[in-house]
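*Asks:* Only the shape, not the letters, is given here:
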């Protein structure tokens with residue numbers, strides 16, 4: 001770590017979203033919560049007021065709402081937003097600008113160039129974006145990638161990329177006895193096995209295949225209950241699919257919940273059916289809770305879940321393989337318990353929130369030291 005400064009360095013943090021739309025926003029908020037306030041003074045910028053702003057204010061952060069119009073339709077609004085970021089950067093004497101996501105980076109990069117501030121791009125998605133990636137990488141001082149799969153998005157610029165896995169609060173996500181009251185409130189019978197999944201109901205998360213897998217499990221091993229925490233554009237379609245398959249009493253759609261750790265405690269197995277996944281923060285949460293995992297071997301998932309050691313990995317878009325893996329763990333509770341215990345140990349050794357925060361702070365130190373060298377003596 002660098003020397004403690006006379007006053008904290010101001011970090012202008014620009015979020016892609018004003019709402020919590022996934023693990024990226026939760027991870028950003030965890031980072032902001034964990035930063036050493038004696039060394040860093042984060043200022044949060046959101047494109048619209050919402051949950052991210054509310055949680056930022058709860059952390060006693062200065063929060064500014066600056067719209068970030070879509071990149072494909074730039075216009076006068078885009079100019080006004082860049083100007084607002086420039087004014088904010090200068091007024092707060094920002095030491096660097098930290099952009100969480102591509103749209104945020106596009107605006108942060110222009111503001112950084114106009115104010116001669118280094119710009120850090122935090123990338124959480126493994127899917128490539130062609131010329132946009134090339135352009136944003138060229139203007140980024142450094143890139144934080146959440147997994148090796150995300151880092152592979154930038155094969156032409158390895159020197160700029162730092163792999164920093166997400167971390168979770170291991171005290172909040174710790175093994176605990178399940179709540180019978182919570183189980184009852186979700187409509188799950190007292191002794192029924194529970195398969196749990198958490199995520200957005202969007203195509204890339206693979207929930208159509210999960211519902212199909214639930215039907216296969218029901219035929220071979222009746223009585224398993226599936227709890228799906230989340231929401232999104234496909235929710236009504238997924239609910240209709242479950243009804244058509246006769247699973248309305250087996251598959252429980254809860255919407256988003258704040259008591260994720262307590263819901264995880266109810267589960268016998270955690271299932272992630274994604275077809276695309278940059279990291280998979282929920283996997284670390286589940287491992288920290290000591291849950292055995294079934295997940296698809298896509299993107300950054302193999303960086304998190306060690307196949308056969310902390311969970312079972314299957315190919316994406318394969319309901320049969322997903323169902324077989326879930327059944328294998330439900331049929332062998334001792335194996336599931338071993339995988340869960342190994343997952344907790346891996347979360348402690350590799351994915352603690354403290355380790356994540358310290359790693360990001362080291363990138364801050366590196367970027368600022370390089371900027372100071374480049375600026376030379378004054």
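*Replies:* That came through fine. These numbers were taken from a predicted model, which means no experiment stands behind them.
*Asks:* so how far is the longest helix along the chain off the chain centroid?
*Replies:* In the chain, taking DSSP state H as the definition, the longest helix is helix 353-375. Here the centre of helix 353-375 is set off from its chain's centre by 21 Å, with C-alpha atoms, centre = their mean, to the nearest Å.
*Asks:* Just the mean pLDDT for that helix, thanks.
*Replies:* If you average the pLDDT over helix 353-375, you get 94.
*Asks:* now swap in stretch 52-70 and tell me
*Replies:* Averaging pLDDT along stretch 52-70 yields 96.
*Asks:* Mind listing what's buried along it?
*Replies:* 52-53, 55-56, 61, 63-64, 66, 68-69 (16 or more other C-beta atoms under 10 Å). No exception for glycine: its C-beta is placed from N, CA and C like everyone else's.
*Asks:* try stretch 340-358
*Replies:* 340, 342-344, 346-347, 350-353, 356-358.
*Asks:* follow-up on the earlier one: format the buried residues of stretch 52-70 as CSV; extra columns: distance to residue 228.
*Replies:* As requested, these are exported to CSV (distance: C-beta to C-beta, whole Å):
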residue, distance to residue 228
52, 24
53, 28
55, 24
56, 28
61, 32
63, 32
64, 35
66, 35
68, 31
69, 33
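*Asks:* Now go through these and say which are in strands.
*Replies:* In strands, defined here by DSSP state E, the members of the buried residues of stretch 52-70 are 63-64.
*Asks:* Let me see the ranges of the helices in the stretch 201-350 of the chain.
*Replies:* Using DSSP state H, counting those that start in this stretch, the helices of the stretch 201-350 of the chain run over 207-220, 235-244, 260-266, 281-288, 301-304, 319-330, 333-350.
*Asks:* and among those helices, the most buried is which?
*Replies:* The highest mean neighbour count among the helices of the stretch 201-350 of the chain, using mean count of other C-beta atoms under 10 Å, belongs to helix 281-288: a mean of 28.
*Asks:* Tell me where the model's unsure across the stretch 251-378 of the chain.
*Replies:* 376-378 (pLDDT under 70).
*Asks:* Point to the residue nearest the middle of the chain.
*Replies:* residue 23 (2.7 Å; C-alpha atoms, centre = their mean).
*Asks:* quick one: contacts for the closest residue to residue 141 other than its chain neighbours?
*Replies:* Among residues not flanking residue 141 along the chain, residue 118 sits closest, at 3.9 Å (C-beta to C-beta, 6 or more residues apart in numbering). Residues near residue 118 by C-beta atoms under 8 Å, 6 or more residues apart in numbering: 95-97, 112, 141-142, 367-368, 370-371.
*Asks:* can you put the buried residues of stretch 340-358 in a markdown table and add distance to residue 314?
*Replies:* Listed next are the buried residues of stretch 340-358 as a markdown table, based on distance: C-beta to C-beta, whole Å:
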| residue | distance to residue 314 |
| --- | --- |
| 340 | 18 |
| 342 | 18 |
| 343 | 17 |
| 344 | 22 |
| 346 | 19 |
| 347 | 21 |
| 350 | 22 |
| 351 | 22 |
| 352 | 28 |
| 353 | 29 |
| 356 | 28 |
| 357 | 33 |
| 358 | 34 |
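*Asks:* Would you map out the domains in the chain?
*Replies:* Domain assignment for the chain by automatic domain parsing gives 9-167+352-375, 180-350.
*Asks:* Same list (these) but as CSV, adding distance to residue 173.
*Replies:* Below are the domains of the chain laid out as CSV (distance: least, C-beta to C-beta, whole Å):
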stretch, distance to residue 173
domain 9-167+352-375, 10
domain 180-350, 4
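*Asks:* need the strands for the stretch 1-150 of the chain, in chain order.
*Replies:* 9-15, 40-46, 63-65, 96-100, 119-123, 142-145 (DSSP state E, counting those that start in this stretch).
*Asks:* I figured residue 306 hits residue 347, correct?
*Replies:* No: counting by C-beta atoms under 8 Å, residue 306 sits too far from residue 347 to count as a contact (11.6 Å).
*Asks:* Which parts of the stretch 151-300 of the chain are strands?
*Replies:* 161-163, 194-198, 225-229, 251-255, 269-272, 292-296.
*Asks:* Please name whichever of the ones you listed is nearest to residue 188.
*Replies:* The minimum distance between residue 188 and these falls on strand 225-229, with 4.7 Å, by C-beta to C-beta.
*Asks:* Please name the strands paired to that closest one in the sheet, noting orientation.
*Replies:* strand 194-198 (parallel), strand 251-255 (parallel) (DSSP bridges).
*Asks:* Please identify the deepest-packed of these.
*Replies:* strand 194-198 (a mean of 25).
*Asks:* what's the angle between it and helix 319-330?
*Replies:* Inter-element angle recorded for strand 194-198 and helix 319-330: 120 degrees (by axes from the mean of the first three to the mean of the last three C-alpha atoms, to 10 degrees).
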